[in-house]
Structures are given as structure tokens and as C-alpha cells.
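[1] Predicted structure and sequence below. I'll ask about it afterward.
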Amino acid sequence: MTPLGYIMLPIGMAALLMSKRWLYRFFVFFTLFSASSAANFGEGDNGSALQLWMLFGFLWLLRLLLDRLSTLSFSIDRRILRPCLWLMTFLLVASVSLIMPVYINGALAITSPSLGNGSETPLLLTWHNVTQLLYLVFGVLITISVAHSNLRDEERHDTERILLLSALFVSLWGLFQFLCNLTGIPYPDFIFNNSGSASGKGFLETLSGVGRISSVATEPSMFAQGLIAVLPLTLPAWLKRGSVFSVPVDRACSVLFIVSLILSTSSTAYLGLAILGILLLPVLVRTRTVSTAKALKIAVIASAFVAVVFAASASSIPIVGDVLNVALLQKFTDSSGMERAMTISLAFGYFQQFPILGIGWGSATSHDLLVKLLSNVGLVGTFAFLGAIFWVLRANWRAMSPLVSSTSLSRAAWSLGLAAFLFTSVLITFPLAFGNFWLVLGMAISTGWTLVPARKFPAGPEVPL
């Protein structure tokens, strides 16, 4: 148990007994804290961590289970039944895929995913496969529960406030880390960067001699991905269509997030901002916020402005040029980029040999969402996962309307957040063990139910976003 765990466990137990809502709020707040651990098991490459979101998420699920047992009701709300069935199908396929390591029984050699380490290990069913499946089970249960808990506007608005508050704290802590790196003040990593996992040491990373920002996340890329997914919540304030807190506060949060992303020196941050900007334009057109012609004009002006700013900064400020060069241009040719390419190539080779169910969930490492799915659960599992994502995005897209209500504002924000999260996952793999993906997916599911006829499921009263 970590010092943070000794503090949070009593809080969680008290909330378990007294307030289901506060358990949920703690879970939401800590979903971005992927480097913050309540307990560590082992160290280094063999280490794992019970993250804070897992602690509160487990206690919240336990409370929900006790409530369901008291009423003997375990059904899924029909408004979100279809995407939940897709997710459960994916979970079922991932479970069945564990027969593959037993079937292969060492006949396939798995090459180490570390660059320069050519060691090979016979593929066998191990506890690693089981624990990875448990992560998946936990994540799917979290997603379904989040979707259930946010079908009403006031509940969804509460989640948005807690998550935006969390992102605000994460950004401020990231800026504090940047100041520590800049001034030489020792960074107190023992507070929130206490994960015993090897992947949780991102706060030690540097780029061209510049300390990188990971804040409370395992590494800069995860820090960036979390903020990219939350950033769309501040969009209504810029459009003067609503706000989470207030228009000035939401706009200030938006600026703070973008500054933090730029200072993170993460390629995921830079490419994620570009992806989010590209995805934003069709959403604005779909919601009739701007015309197609105006959207194209905005795209051209924004692209030109960004290009000029980047070029001027890189040429006039040497350190900026070095950082941009390493973070973007050299990213795909340095050891990190080569290792990512190697894992993708190896994983795709495993898929080609076993295309139906892959080689078993948790057996292959790949820094690519699609190839990771193909290699681990084959065509069947990949189809089920993409089917769930396609249903959610399609439902939200078809139900999008002018941004005049809290539901339509939330739908646009969470659709953008999920889409941006998935595109950035292509760069940094599937974030299975982190809570922000499952939260974003659950929220996007909760906003897509309006395709069900309103006469069967009347909507609740509208409230400001």
C-alpha cells in the first residue's frame, strides 16, 4: 500500500457506506491519474499497480452490485442495449481467444517487443493473459455502468464538471512539473507519480535536454491523450452555446489545456490537436453551426496560421526547433519509432498465421490499435470491437442536431472526445489498463440513445450544459 493508498482507501470505504454518488465522482476525478497508485505489486518490468481509478471504480461497481442484489434486477437499459451487447460480444471473443495459446502450445515463438532484444519465448497460456482479460472485463463493466449512470442530463452534466475539474488539476500539476524542470526545483514525484510499474516513470523523460511533462499520467503521451479527449467539453463556451462551469472559466481551461499540451513535447499532443481540429469541422457543419464553405475557409486559415507560427518559432527560438524536430520529424526514425514499427510488424505476422482468433488476448504487443486487436483477437474480435465503436459514433452522428440543448452539446463533445481518443490510440496503442478510455466510451454511449423512439423513453428536462 502506498501513502496515497492509505489516504484514499478510508475515503473510499466511507463513500461505499454513505454515498454511491461520491464514489462515482472520485472514480471520474482519478481516471486521468494513470501514474497514481493505491498499491504496488512488484517493481520495474514485473511491476503492476492498483491505480486510484481502479480502487474507486471497483468500490463503485461493488455498491452498484449491492443495489442490484437488493432489487434482484440485473437488466441493461434498452436505450443502451445494442452497444453494450457489442462490447459484451467483444469480451466474449477475447475470453474464447485464450484457447489459442493452449492450442498453439509453444509452437509459435513470440519475439521480445524491446528493440535490440531478439529473445524469443514460446507462446503458452500464462497468468499475464488472465490478468489482461480481467482488465478488459473490468473496463467493459465500467463502461456499461457509466452509460447507465448518465442517461439523464443532470447526471451527465455532473460527470462533465468533475472530469473538467480533474483535467484542470492535471494541467496545473503539469505546469508545476514544467516549472520544476525549468528551475531545477526537485519535482515531488512521490505524491502522484508513485506507480510501481515500469511504464509509470514517464516523469523522468527528457527531450533534447528538456524535461517532459507527464503530470499525473504514466508518460507524456498518456497525459496528452487524456487532455485531448476532455478538450471538446470546452467547445460550447467558445461557440457561446453553453458551458460546464461558466464561459470565462471554460475558455480559460481550454487555453490552459492547449498550453500544457504544447509544453508536453509529446508528438501525441501535437498530432492530437491537429486530429481534433480536423474532426471538429464536420461536427460544426453537421450541427449547422457553420456552413460547409465557412468550415473550409476556417480550415485553410487555421492551417496557414499554425504553419506560420511553427515555422517562425522553430527558426527564431533554437530550443523550439530542436523540440519540434525530435518530437515530430525524428519520432519515426529514432529508437522509439523503430521499436513501434517493429512491434507492429511482429504482431501483424502473428495475425497472418492465426487470422480468426489471433494468438490470444494479451499475447502480442503492438503500438497500434488495429494491429493489436487483429493479433490478439483476430478478425472476429476486431469486428466486434469496431462494431461497438461504429454503433456509438453512428448513433451520435445521426442524432446530432443544432447545439441548442445540453443533450446536443454533450453529444457533440463526447463524440469528438471518443473519435480523437481512438485516432490517437493508433499512435500509442489501446489504453486497456487506464480508465479514461472506458469513461469516454461510456459517456458517448449515454448520448446516443435518442435513436430509440422518444414515445417509449421520454427525455428528462433540459438543463444548461
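    Done, it's in.
[2] can you map out the strands along the chain?
    For the chain, strands defined by DSSP state E occupy the ranges 37-41, 48-51, 109-111, 120-122, 206-207, 210-211.
[3] Those strands: which one's closest to F190?
    Proximity to F190, assessed across the strands of the chain by Cβ to Cβ, is greatest for strand 37-41 (11.1 Å). (Glycine included, C-beta is placed from N, CA and C.)
[4] Next, format the strands of the chain as a markdown table and append distance to Q132 and mean pLDDT.
    Supplementary listing: the strands of the chain in a markdown table, determined by distance: least, Cβ to Cβ, whole Å; pLDDT from 0 to 100:
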| stretch | distance to Q132 | mean pLDDT |
| --- | --- | --- |
| strand 37-41 | 15 | 89 |
| strand 48-51 | 11 | 86 |
| strand 109-111 | 14 | 88 |
| strand 120-122 | 16 | 88 |
| strand 206-207 | 30 | 70 |
| strand 210-211 | 32 | 72 |
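[5] most tightly surrounded among the ones you listed?
    By mean neighbour count, with neighbours taken as mean count of other Cβ atoms under 10 Å, strand 48-51 ranks first of the strands of the chain at a mean of 22.
[6] who does that strand pair up with?
    Strand 48-51 has its sheet partners listed here by DSSP bridges as strand 37-41 (antiparallel).
[7] Please save the CA atoms from the strand it pairs with in CSV.
    As requested, the backbone C-alpha atoms of strand 37-41 are provided in CSV (Å, rounded to 0.1, in the frame of the first residue of the first chain):
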residue,chain,number,x,y,z
SER,A,37,-1.2,4.1,-7.3
ALA,A,38,-3.1,3.0,-4.2
ALA,A,39,-0.9,-0.2,-4.0
ASN,A,40,2.1,-1.6,-6.0
PHE,A,41,2.8,-5.2,-6.7
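[8] contacting residues around it?
    Contacting residues not belonging to strand 37-41 are listed as 1-2, 4-5, 8-9, 47-52, 54-55, 194-197, 200 [Cβ atoms under 8 Å, 6 or more residues apart in numbering].
[9] for stretch 202-220, same thing?
    32-36, 170-171, 173-175, 177-178, 180-182, 187, 189, 192-193, 195, 197, 199-201, 222-223, 226, 260, 263-266, 268-269, 319, 322-323, 326-327, 434.
[10] Pull out the buried positions in it.
    Under the neighbour-count criterion of 16 or more other Cβ atoms under 10 Å, stretch 202-220 has 202-203, 205, 207, 210-220 buried.
[11] just to revisit the earlier point, if burial is judged by neighbour count, which of the contacts of strand 37-41 pass?
    Applying 16+ other Cβ under 10 Å to those, the neighbour count classes 2, 4-5, 8-9, 47-52, 54-55, 194-197, 200 as buried.
[12] Quick check: L263 touching L175?
    Yes: L263 lies in contact with L175 (Cβ atoms under 8 Å); the separation is 7.3 Å.
[13] Least confident secondary structure element in the chain?
    Scoring the helices and strands of the chain by mean pLDDT, DSSP states H and E places helix 318-324 at the bottom, with a mean of 52.
[14] Low-confidence regions, the stretch 101-250 of the chain specifically.
    The model of the stretch 101-250 of the chain has pLDDT under 70 over residues 115-116, 207-210.
[15] could you show me where the helices are in it, in order?
    Chain-ordered helices for the stretch 101-250 of the chain, with DSSP state H, counting those that start in this stretch as the definition, fall at 127-148, 153-183, 189-192, 220-230, 235-239, 247-263.
[16] And the closest residue to L55 other than its chain neighbours, how far from F26?
    Counting by Cβ to Cβ, 6 or more residues apart in numbering, L55 lies nearest to A38, which is 4.6 Å off, once chain neighbours are set aside. A38 is 11 Å from F26, where distance means Cβ to Cβ, to the nearest Å.
[17] any common contacting residues for these two?
    Shared between the contact lists of A38 and F26 (criterion: Cβ under 8 Å, 6+ apart) are residues M8.
[18] With respect to Y135, which of the strands of the chain lies nearest?
    When those are ranked by proximity to Y135, the top entry is strand 48-51, at 10.0 Å, counting by Cβ to Cβ.
[19] Filter the contacts of stretch 202-220 down to the buried ones, ChimeraX style.
    Only the buried members of the contacts of stretch 202-220 end up in this ChimeraX selection, burial being decided by 16+ other Cβ under 10 Å:
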select :32,33,34,35,36,170,171,173,174,175,177,178,180,181,187,189,192,193,195,197,199,200,201,222,223,226,260,263,264,265,266,268,269,322,323,326,327,434
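[20] Surely S366 and T343 touch.
    Yes: assessed by Cβ under 8 Å, S366 is found in contact with T343 at 4.9 Å.
[21] re earlier: now the strands of the chain as CSV including distance to F245?
    Compiled in CSV, the strands of the chain are given as follows (distance: least, Cβ to Cβ, whole Å):
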stretch, distance to F245
strand 37-41, 29
strand 48-51, 26
strand 109-111, 49
strand 120-122, 51
strand 206-207, 33
strand 210-211, 31
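[22] right, so of these, which gets closest to A388?
    If we rank these by Cβ to Cβ, the stretch that ends up nearest is strand 48-51, at 23.6 Å.
[23] rewinding a little: can you add distance to L422 and give the helices of the stretch 101-250 of the chain back as TSV?
    Conversion of the helices of the stretch 101-250 of the chain to TSV gives the following (distance: least, Cβ to Cβ, whole Å):
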stretch	distance to L422
helix 127-148	14
helix 153-183	18
helix 189-192	27
helix 220-230	10
helix 235-239	18
helix 247-263	18
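[24] right, so those: which one is the most enclosed?
    helix 220-230 (a mean of 28).
[25] got the CA coordinates for it in PDB?
    The C-alpha atoms that make up helix 220-230 are tabulated as PDB, following Å, rounded to 0.1, in the frame of the first residue of the first chain:
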ATOM      1  CA  PRO A 220       3.700  12.400 -21.800                       C
ATOM      2  CA  SER A 221       1.600  10.700 -24.500                       C
ATOM      3  CA  MET A 222      -1.000   9.400 -22.000                       C
ATOM      4  CA  PHE A 223      -1.100  12.900 -20.400                       C
ATOM      5  CA  ALA A 224      -1.700  14.400 -23.900                       C
ATOM      6  CA  GLN A 225      -4.300  11.800 -24.800                       C
ATOM      7  CA  GLY A 226      -6.300  12.400 -21.700                       C
ATOM      8  CA  LEU A 227      -6.400  16.200 -22.200                       C
ATOM      9  CA  ILE A 228      -7.200  15.800 -25.900                       C
ATOM     10  CA  ALA A 229     -10.300  13.800 -25.000                       C
ATOM     11  CA  VAL A 230     -11.500  16.300 -22.400                       C
END
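[26] Right, I'll call it a day here.
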